[in-house]
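Undergrad: Sequence and predicted structure below; questions after.
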Amino acid sequence: MGGTAVVVGGGIGGLAAAIGLRRIGWEVRVVERAPVLQDAGAGISLAANGLRALDELGVGEAVRSAARGQYSGGTRTPAGGWLTRMDGALLEEAVGTPIVGIPRATLHRLLREALPPDALPIGFDAGSVRQTAPGTVRVEDGRGEALEADLVVAADGIGSRIRSGLFPAHPGPVHSGSTVLRALTEETVDLRTDFELTWGRGAEFGHIAFRDGRAEWHAVLSLPAGTRFPDPLAELRRRFHDWHDPIPALLDATRPDAVLHHDIGELRTPLPSYAVGRIALLGDAAHAMTPHLGQGACQALEDAVTLAAALATAPTTDVALARYDAERRPRSQAVARAARQAGRMGQQLSHPVAVTLRNTAMRLTPSRAATRMILRHHAWTPPRLR
Ligand code: FAD
C-alpha cells in the first residue's frame, strides 16, 4: 500500500516520519514554517528506545557515531554529594546501549541527510488542514498555496495548530511550572563525567558531554511563565555560584548570547485520539511532555516508526491509522505522566523536609534498582519496516 503524505513540521518527529514513510515507498513532502532550527544551540540525549527507532529508520549508526555514550554520571546535591550513580554499562548490558548525547543541530543534519532532495522541508506555514474528498486531505497556508495528499502527518510541535483545529474543546498546552535556560559551551570543559543532574530546592542544573569535548548545560527553575532576566548568564551565575564543580566552570565557558530560555509546557490533558480521518498526530503535537525523563524526542521517533510500520502492513490507510493510535496513545501518555511525576519529585520539589526525605530514599536505592526504573521506559522494540 503506497500513497502520498504531507508532513507538517520539520522537527525531529516530522523528519523521522518522512524517513519512515519514504522507506515504505510513500511519496512525502515536508513543510516547515521556520527558516532556522530554533533549538540549534542545545543538545539532546537519546535512550535505547529512540536509538532503536533510528536503527529502523536507517539512521542509528550515523547517530551513534556522532554521539557520546553517557557511561558515567548521576544525580547530585548542590554541595556535590551523590544521590545516585548511573552506570551506562549496566544499561548497555540490559538494552544494548547507554543513553547517548548529541548536539541537536547534528541530529537534525543526520535526519535531513537521510532524505532525498525532493523530500527535504520546503518553506510553508500550514494554516488549515481539511478533508476535501474521501481519502484526500488538503493543507493550505492561508496565502493561496495548497498541497493535497492521502495522509497528513501533524508534526507541528507543542503549539500545533492542526491539533487545535481538530480538537477545539481541548485546553491545549499548559505551563509545567518550570522554565529552562540552556546553552552549548563555547570551549572544552574538563568534565569528570558524561552527564550529571544536580537538584537543589526547586532548581536543577545538568550537563551532557559531547564527543567533541563541548557540553550542553541546562538550568531548570520553578518560575511563573514569562519570567525573563535582563542578563540570563549573570542571573545563573548568581543562583549557582556556590554549587559544586563543574557548574561554575560550565557557565564560564558559555557566551552570554548563547543562552536559550524557554518556559516548559506540556499537554497535561491527554488527547482522545492521535488519528482523525486521514490526519495522524505525532511527536509533541500529540503528546508534548516535560523533559524530566529526556523522552519527548524518543517518543516522537517511536511514533514515526510505528506509523510507517502500520501503513506498510495494514490493509487500508484507515486501519493503519487506527492501529497507530491504539499502539502509540497508551505508551506515550504513560511516559508523559511519568515525566511529570519525575519533575515533581525531582527539580520541582522545594519543601526542605520533602527534599531531605527524597534524598535519603535515593541514597538508599541500589544502583541496579535505579537502572531498572529507567529501563521501564527505554526497553522498547520497534516494529520492523523491512
Ligand atoms: P518540534 O521539534 O517542536 O518541531 C515542530 C516543527 O513544526 C517546528 O520546526 C515548527 O517550526 C514546525 N511548525 C509548527 N507549526 C507549523 C506550521 N503551521 N506549518 C509548518 N511548520 C510548522 N527529548 C528527548 O528525547 N531527549 C532529551 O534529552 C530531551 N531534552 C529536552 C530538553 C528540553 C529543555 C526540552 C524543552 C525538550 C526536551 N526533549 C527531549 C523533548 C524534545 O525536544 C521534543 O519532544 C521533540 O523535539 C519534539 O519534536 P517534534 O518534531 O514533535 O516537535
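TA: Right, received. Where do you want to start?

Undergrad: got a list of what Glu92 touches?
TA: Shown in contact with Glu92 (C-beta atoms under 8 Å, 6 or more residues apart in numbering): 69, 98. Every C-beta, even on glycine, is put in place using the N, C-alpha and C of the backbone.

Undergrad: For Thr365, see how far away it is.
TA: 20 Å (C-beta to C-beta, to the nearest Å).

Undergrad: What ranges does this protein have for its helices?
TA: 12-23, 48-56, 60-66, 88-95, 104-113, 161-166, 232-240, 247-252, 284-287, 296-313, 317-345, 352-364, 367-378 (DSSP state H).

Undergrad: which residues does the most far-flung residue of the chain relative to its centre bridge with?
TA: Farthest-out residue of the chain from its mean C-alpha position, per C-alpha atoms, centre = their mean: Ala133, at 34.3 Å. Residues in a beta bridge with Ala133, per DSSP bridges, are Thr136.

Undergrad: on that earlier part again, so which of the helices of the chain gets nearest Arg278?
TA: helix 317-345 (6.6 Å; C-beta to C-beta).

Undergrad: Helix 48-56 and that closest one, what's the angle between them?
TA: Inter-element angle recorded for helix 317-345 and helix 48-56: 150 degrees (by axes from the mean of the first three to the mean of the last three C-alpha atoms, to 10 degrees).

Undergrad: any idea how far helix 317-345 is from the chain center?
TA: The chain centre lies 14 Å from the centre of helix 317-345; the measure is C-alpha atoms, centre = their mean, to the nearest Å.

Undergrad: List the residues that contact Ala285.
TA: 9, 13, 154-158, 160, 162-163.

Undergrad: Write out the residues of the stretch 251-386 of the chain neighbouring the ligand.
TA: For the stretch 251-386 of the chain, the residues in contact with the ligand (C-beta under 6 Å from any ligand atom) are 264, 283-285, 291, 294-298, 300.

Undergrad: Quick check: the farthest pair among the residues you listed?
TA: Using C-beta to C-beta, these span at most 19.1 Å, a distance reached by Ala285 and Gly294.

Undergrad: What are the boundaries of the strands in the stretch 51-200 of the chain?
TA: 68-69, 72-76, 82-87, 100-103, 122-123, 128-133, 136-140, 146-149, 151-154, 174-184, 195-199 (DSSP state E, counting those that start in this stretch).

Undergrad: Mean neighbour count, these: which tops it?
TA: When the strands of the stretch 51-200 of the chain are scored by mean count of other C-beta atoms under 10 Å, the highest mean neighbour count falls to strand 151-154 (a mean of 28).

Undergrad: Report all helices and strands that it contacts.
TA: strand 4-8, helix 12-23, strand 136-140, helix 161-166, strand 279-281 (3 or more C-beta pairs under 8 Å, 6 or more residues apart in numbering; DSSP states H and E).

Undergrad: Show the pLDDT at the residue nearest to Val189 when sequence neighbours are not counted.
TA: Spatial nearest neighbour of Val189, excluding adjacent residues (C-beta to C-beta, 6 or more residues apart in numbering): Ala253 at 4.9 Å. Reported pLDDT at Ala253 in the predicted model: 95.
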